[in-house]
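In: Fold the following.
(chains A, B and C)
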Amino acid sequence: MGHANKIEKVRSALLRWYRAKGRDLPWRRTRDPYRIWVSEIMLQQTRVETVIDYYHRFLQVFPSVTALAGADLEAVLKVWEGLGYYARARNLHRGAQTIVEEWDGELPGTLQDLLCIPGIGRSTAGAILSLAFEISTPILDGNVKRVVARLFALRGDLKSPGVEQKLWKLSGALTPKRGVHHYTQAIMDLGAMICTPRKPDCPHCPLRNECKAFHLQWQEKIPSPTKKNSRPHHQVALGVIRKRGRILIYQRPSDGLLGGLWGFPNYRSRTRKGLLRALVQGVRKDYGIRMETGNPVGILSHGYTHFTVTFHLFECPCRDGEKIRKRAFPAKWVYPGELKNYPLASSDRKVIRKLSAISRQQSVKR
DNA sequence: AAGGCGGGGCT
DNA sequence: AGCCCAGCCTT
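Out: Sure thing, here's the model as predicted:
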């Protein structure tokens, strides 16, 4: 069978399937480039089910490019809290300001211009052009990569530049000139619903007859597994440092892990015995604060992309007159009830829940 | 070319 | 415990 013939059959079978089985998702009920943009940024490396609530809340608070551009970054981070990859929120905020300044508040409708907006790469630009502007442009997200790799039985690491280049060419060849809006959503739905990473539902797949991987019975071998580097594990001392009913929090620098979020001071230690010392010395060095004691009150674990952490919680009372004398990072004393006003990392939310559980237990004992 | 960047759900 | 998710950016 010829290449062009296969492509035509894939397109028509895919669209027929999509009309019957495609998902109804919030961002498919609009053609507003701003809303499509917000959804695409949220969906980077994030599941559809996770995004839906954030999508509605975000647009309620920031209904337009100008509303977003005029907001405080902290307010944006607060709405983004818990969604992860916080650079996306910073880029969205800065991107809105770029759009107001450079394009009079309207998202540009060309690939070259979209790629100038922070956080928009080739695939996200392709999605915005296809879905909001109906301009035929390929995308290459995780779904499309997997579907295309199976359709053409591409072996090898799908993240390697060589394979990616082939995938981009094939995705481009498959992308139709007309009706790109439906096609792009259709191929993503197929990847999410049928052509899944593990145990693809080939019996119900509309592309079964055109799929080289299915023909060879390779569908479970593609994508080929990549090498697993085990994540290191860190022991971290975390201080709930109290003074007259208030707690010390600090703001992380915007360029690192959890950038821009607030949290409880925490310091890594090589050994368990060294935890409290690391905390006491760190707080003294970074904030010039001397703590009276540190009482271990609990432990919790948390996983990040490249490492896992065991947090060792310490309750640390300070003298009433103790002051912040240095500011290695922005820092302040806040009442527990004020914590909800700050964007906090998921791990720090866990700490708060743990603390309230502990205080409930203690009040029961008394 | 490789690594950093979250969090949660599924196996 | 490992894998993956509607990727992008920096080095």
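In: show me where the stretch 51-200 of chain A has helices.
Out: A:65-69, A:73-80, A:87-103, A:111-114, A:122-132, A:142-151, A:161-174, A:180-193 (DSSP state H, counting those that start in this stretch).
In: Tell me who's in contact with the closest residue to DNA strand B within the stretch 51-200 of chain A.
Out: Residue nearest to DNA strand B within the stretch 51-200 of chain A (CB to the nearest atom of the strand): A:Gly84, separated by 2.6 Å. For the C-beta atoms, the positions are set from N, CA and C on the backbone; glycine is no exception. Listed by CB atoms under 8 Å, 6 or more residues apart in numbering, the contact set of A:Gly84 reads A:Thr46, A:Ser346.
In: A:Glu315 too?
Out: A:Val240, A:Arg242, A:Gly294, A:Asn295, A:Val297.
In: let's go with 7 Å and repeat that
Out: The contact partners of A:Glu315, by CB atoms under 7 Å, 6 or more residues apart in numbering, come to A:Val240, A:Asn295, A:Val297.
In: Would you check how far apart it and A:Gln362 are?
Out: 11 Å (CB to CB, to the nearest Å).
In: For A:Met188, see how far away the residue lying closest to A:Ala125 once chain neighbours are set aside is.
Out: Distances taken as CB to CB, 6 or more residues apart in numbering place A:Leu114 nearest to A:Ala125, at 4.0 Å, with adjacent residues excluded. Between A:Leu114 and A:Met188 the computed distance is 19 Å (CB to CB).
In: The helix or strand of chain A with the lowest mean pLDDT close to DNA strand B?
Out: Lowest mean confidence among the helices and strands of chain A (mean pLDDT, DSSP states H and E): helix A:346-365, at a mean of 87. Yes: Helix A:346-365 comes into contact with DNA strand B (CB under 7 Å from any atom of the strand), by way of A:Ser346, A:Ser347.
In: what about chain A, any weak spots by pLDDT?
Out: A:1, A:227-228, A:364-366 (pLDDT under 70).
In: Residue numbers of it in contact with DNA strand B?
Out: So chain A meets DNA strand B at A:45-47, A:49-50, A:82-87, A:160-162, A:198, A:256-259, A:302-306, A:345-347 (CB under 7 Å from any atom of the strand).
In: near DNA strand C, which of these show up?
Out: Among the residues of chain A next to DNA strand B, the residues within reach of DNA strand C (CB under 7 Å from any atom of the strand) are A:Gln45, A:Thr46, A:Arg47, A:Tyr85, A:Ala87, A:Arg198, A:Gly303, A:Thr305.
In: burial count for the second one?
Out: One way to gauge burial is a neighbour count; for A:Thr46, by other CB atoms under 10 Å, it gives 15.
In: Locate it within the secondary structure: which element?
Out: Using DSSP states H and E, A:Thr46 sits within no helix or strand.
In: who's in contact with it?
Out: Contacts of A:Thr46 by CB under 7 Å, 6+ apart are A:Leu83, A:Gly84.
In: where's it relative to A:Asp53, distance?
Out: Counting by CB to CB, the gap from A:Thr46 to A:Asp53 is 12 Å.
In: How much space separates A:Gly95 from DNA strand C?
Out: Distance of A:Gly95 to DNA strand C, computed by CB to the nearest atom of the strand, to the nearest Å: 9 Å.
In: typed the wrong thing, it's A:His234
Out: With CB to the nearest atom of the strand as the criterion, A:His234 and DNA strand C are 13 Å apart.
In: phi, psi of the residue in the stretch 101-250 of chain A positioned nearest to DNA strand C?
Out: Distances between the stretch 101-250 of chain A and DNA strand C by CB to the nearest atom of the strand are smallest at A:Gly121, namely 2.4 Å. Main-chain torsions, A:Gly121, degrees, to the nearest 10: phi -100, psi -170.
In: Excluding sequence neighbours, find me the nearest residue to it.
Out: The nearest residue in space to A:Gly121 (CB to CB, 6+ apart) is A:Leu115, at 7.3 Å.
In: Could you count how many residues lie near the one you found?
Out: 13.
In: What are the phi and psi values at it?
Out: phi -70, psi -10.
In: measure it to A:Gln165 for me?
Out: For A:Leu115, the distance to A:Gln165 (CB to CB) stands at 17 Å.
In: Which residues of the stretch 201-350 of chain A lie near DNA strand C?
Out: For the stretch 201-350 of chain A, the residues in contact with DNA strand C (CB under 7 Å from any atom of the strand) are A:Pro223, A:Pro225, A:Thr226, A:Lys228, A:Ser230, A:Arg231, A:Gly303, A:Thr305.
In: Buried ones among the residues you listed?
Out: Among those, those classed as buried by 16 or more other CB atoms under 10 Å are A:Pro223.
In: if we can go back for a sec, go through the helices of the stretch 51-200 of chain A and name the closest to A:Phe264.
Out: helix A:73-80 (16.9 Å; CB to CB).
In: Only alpha carbons, please: show the closest one as PDB.
Out: In PDB, the C-alpha atoms belonging to helix A:73-80 read as follows (Å, rounded to 0.1, in the frame of the first residue of the first chain):
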ATOM      1  CA  LEU A  73       2.400  37.000  40.000                       C
ATOM      2  CA  GLU A  74       1.600  35.800  43.500                       C
ATOM      3  CA  ALA A  75      -2.100  35.700  42.700                       C
ATOM      4  CA  VAL A  76      -1.300  33.700  39.600                       C
ATOM      5  CA  LEU A  77       0.800  31.200  41.600                       C
ATOM      6  CA  LYS A  78      -1.900  31.000  44.200                       C
ATOM      7  CA  VAL A  79      -4.400  29.700  41.500                       C
ATOM      8  CA  TRP A  80      -1.700  27.400  40.100                       C
END
